[in-house]
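> sharing a model that was predicted from the sequence below.
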Amino acid sequence: MAALTLYPQSERLPRGERITFNLYMVSALLLFVLMMTLGLIMRMGQGLWLNVPPDLFYRILSMHGAGMVGTMSLATTAVMWFFLRKYVTLHLWAFLANYLLFLTGALIIIGAIFIGRYAGLWTFLYPLPTHPMGMWENSAAACFMVGYLFIGVGSLLFYLDAAAGIIARYGNFGRAMGLQWLFGGTIDPDHPKTVVAGTMVVIANSLGILAGAVVLVMYLVAIAYPGFTMNALYAKNLTYWFGHMYINAAIYMGVIAVYELLARYSGRPYAISRPFLWSWAASCVFVIIVFPHHLLMDYAQPRWVSVTGQVVSYLAGFPVFLVTVWGALNNIHRSGMRWTTPARLMILSLFGWAAGIVPAILDGTIGINRVMHNTQWVPGHFHFYLLLGVLPMVLALLYHVVGSRRGAAPDSAADRIGVPVYLVGGMVFALAFLDAGHMSVARRMSSHLPAWIMNDRVGAIGASLVLLAMLYFAARIIAGLLRAPSVESAANAAA
Amino acid sequence: MILQNLVWTIALTGMGLVALAFLYVIVNAGNRIDPAAQTAAQRRSAGLRKGLFWALVAVFIAASYVSLHRFPIPLQHAALDAAQVVDVQARQWSWQLSQPGQQPGAMLRLTSGSPVEFRVTSADVNHGFAIYAPNGRIAIQTQAMPGFTNKILHTFTEPGTYRVMCLEYCGLGHAPMVSAFEVAAATGG
């Protein structure tokens, strides 16, 4: 088993890698701040603290959704790359190409929204993008789709490179995921958790992106040939198959940071185990087949598909609670944990993920979905595990990297204040959504009923706190990332 | 108890239990134990995890049975034989609700206590057909989708004015896409 060195030599970034990693993360941090600002504007608009006209609101909503999902994926891709490159050969050109294609796609999407006035949301449900009632032109919808395709091609390129590296090192995906040890045999204690999780992401998200590409290309055909129509339910299934796996892949890429770093801060080995391998094998299947829980209110779906959506939603909680969260808490318990900022962010991320999936699992119940679907219950649970779960995983790695460049884990007074401000703000923000959801407040509406406005205002206050903390984190981390590695940290890493 | 309140209570309880588990571990994280005690603690942890696994399996089976043994969605390809039928057509950005034989434009009037079949479709894009009860909570919903008819079977228990809202984003006029209908108390009983 690898020694618990805080900043191992194998994680040092040569110049080209460091510049590319910095490009990813600085871009992601700036985008997170911008997208959070857009989110705050929407909540203030709903709470009547700002005048946000409906057409602008829906463009902001489209930008916020596409931007947050894309940025989450960008940042967690960098997390996966940072650790996976220690175990398999990854080519810098593929990592850089993904970044450049993401940037190109993002610029096209921004143009489609703020110049072309596209407001068909990040889920682009057929046939709304081609049926805007004068709100935008078909050319803007086409640009939005093309922007997505650029981003998808970039991700696929990165995954293909990762797949090639994994197969070259382990022979096939099954061995990389440790399937040979599911029913017996001695597990190699040095088999990296990162490789298990990374392989699962490569398999699942490649399928999801291909499904997304199919529906995006069909849209482009529909725009070019207006007589061409799609089956709306078929298109919706493809869209959610893509969307669900794309955002869940971000969670699975992000948690790699916890698997890699937690033991270094607790000082206690965090061993790979048979339950761990089972959980990732099961999660790989679950994430591919669970997406029908997004379509429980489409009664035209066959019953068995909806039942699959519900049952697999329940089962998907098992690996999270019983393996990742239990294992992590077990690792921390009475470990003599070093409570520096990366450690605080890691425990926050695990809490956000675990607590956030409770309302998510409930929402996957058909009978409950009948009264909760498309209410603010939905942004309530996904903000919980993305804002309080995945983003802190990314921040934990970044604080760790900043520490590695100084030779010590960052833990200033401002850092110690920043984490609780972020936690409290995030909790207020997400719980305001959940509370509104249980009161049947509809999501995605530019204007709200008078009875709903107090809740919007509470949410806006929470969002303000999150944004404040995130502004600090972004400034602190960007300044840290842009510092060249010091002589001391290099010596420390080599020790 | 209103279903939404029950769900909210379960969610808060579940999230609270998660928070308590984290607080317990955080409070105890700083005191490092020796390797022998650690081995014993690992054994206890494995036992606890096994217990939690079986508890979750029991919850999973019970919740699946309770929520699915009477399937919450009516058969879509069979006659529902409801005494009251409403055809619903959504379009950007209005609702058209009508009963067979009803004069065009007439206000919909339904009666509580007997099932109503809503046949919901869309003339253009996806919409969400949600019925809000007089208490402001969603009573039931389905998607309104072009090319498909989704059927709801619902029995109103409270008379009053019910509001219809669109719960699937459908463009600029999404928020004001509302309608309403009356449910009268059942007569003769």
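Cool, the structure landed.
> give me the number of residues near A:G184?
When neighbours are counted by other C-beta atoms under 10 Å in any protein chain shown, A:G184 registers 8. Bear in mind the C-beta positions are built from the backbone N, C-alpha and C, glycine included.
> go on, the one 3 residues further on?
The local packing of A:I187 (other C-beta under 10 Å) involves 17 other residues.
> now do the same for it: its pLDDT.
Note on A:I187: pLDDT of 96.
> show me what contacts it?
Contacts here follow C-beta atoms under 8 Å, 6 or more residues apart in numbering or on different chains; on that basis A:I187 touches A:178, A:181, A:272-274, A:277.
> closest to B:V27 out of those?
Distances from B:V27 to those, taken as C-beta to C-beta, are shortest for A:S273 (25.7 Å).
> helix, strand or coil for the closest residue to that closest one other than its chain neighbours?
Taking C-beta to C-beta, 6 or more residues apart in numbering or on different chains, and ignoring the residues beside it in sequence, A:S273 has A:I187 as its nearest neighbour in space, at 7.1 Å. With DSSP: H, G, I helix; E, B strand; the rest coil as the basis, the three-state label of A:I187 is coil.
> tell me how far A:I187 lies from A:G165.
When C-beta to C-beta, to the nearest Å is applied, the distance between A:I187 and A:G165 equals 22 Å.
> mind checking which of the contacts of A:I187 are buried?
A:178, A:181, A:272-273, A:277 (16 or more other C-beta atoms under 10 Å in any protein chain shown).
> what is the rounded mean pLDDT of stretch A:211-227?
Along stretch A:211-227, the predicted confidence averages to a pLDDT of 94.
> which residues touch that stretch?
Contact with stretch A:211-227 is made by A:124, A:126-127, A:129-130, A:138, A:141-142, A:145-146, A:148-149, A:152, A:228-230, A:235, A:238-239, A:241-243, A:245-246, as judged by C-beta under 8 Å, 6+ apart.
> give me the element the residue nearest the centre of chain B is part of.
If you average the C-alpha coordinates of chain B and look for the closest C-alpha using C-alpha atoms, centre = their mean, you land on B:I140, 6.5 Å from that point. Under DSSP states H and E, the secondary-structure element containing B:I140 is strand B:138-144.
> partners of that strand in the sheet?
Sheet pairing for strand B:138-144, assigned by DSSP bridges, gives strand B:127-132 (antiparallel).
> and the partner strand, how far out from the chain's middle?
11 Å (C-alpha atoms, centre = their mean, to the nearest Å).
> ditto for stretch A:412-424
22 Å.
> picking that back up, can you give me how far the strand holding B:I140 is from the chain middle?
8 Å.
> helix or strand right after it?
Proceeding N to C from strand B:138-144, the next assigned helix or strand is strand B:150-155, under DSSP H and E.
> what about the next helix-or-strand element following that next one and chain A, touching?
Next along the chain after strand B:150-155, taking DSSP H and E as the criterion, comes strand B:160-166. Yes: Strand B:160-166 lies in contact with chain A when judged by C-beta under 8 Å from any C-beta of the partner chain; the contacting residues are B:M165.
> list the contacts of strand B:160-166.
For strand B:160-166, contacts defined as C-beta under 8 Å, 6+ apart pick out A:442, B:90, B:93, B:95, B:97, B:127-134, B:139, B:156, B:174, B:177-183.
> what's the closest non-adjacent residue to the residue in the stretch 101-250 of chain A that chain B sits nearest to?
Of the stretch 101-250 of chain A, the residue with the smallest distance to chain B, taken as C-beta to the nearest C-beta, is A:L128 at 4.5 Å. With C-beta to C-beta, 6+ apart as the criterion, A:L128 has its nearest non-adjacent residue at 4.5 Å, and that residue is B:V125.
> how many residues are close by that neighbour?
With neighbours defined by other C-beta under 10 Å, the count for B:V125 comes to 26.
> got phi/psi on A:N374?
The phi/psi pair for A:N374 (degrees, to the nearest 10) reads phi 60, psi 20.
> okay, and the residue of chain A found nearest chain B sits in which element?
Nearest to chain B in chain A, going by C-beta to the nearest C-beta, is A:G336, at a distance of 3.1 Å. Secondary-structure assignment from DSSP H and E places A:G336 in no helical or strand segment.
> quick check: closest non-adjacent residue to it.
Nearest non-adjacent residue to A:G336, counting by C-beta to C-beta, 6+ apart: B:R32, 3.1 Å away.
> check A:G367 too.
If the residues on either side of it in the chain are set aside, A:G367 comes closest to B:P72, at 4.3 Å by C-beta to C-beta, 6+ apart.
> quick one: that neighbour is in a strand?
No: secondary structure assignment (three-state DSSP) places B:P72 in coil, not in a strand.
> which ones are touching it?
B:P72 sits next to A:366-367, A:370 when contact means C-beta under 8 Å, 6+ apart.
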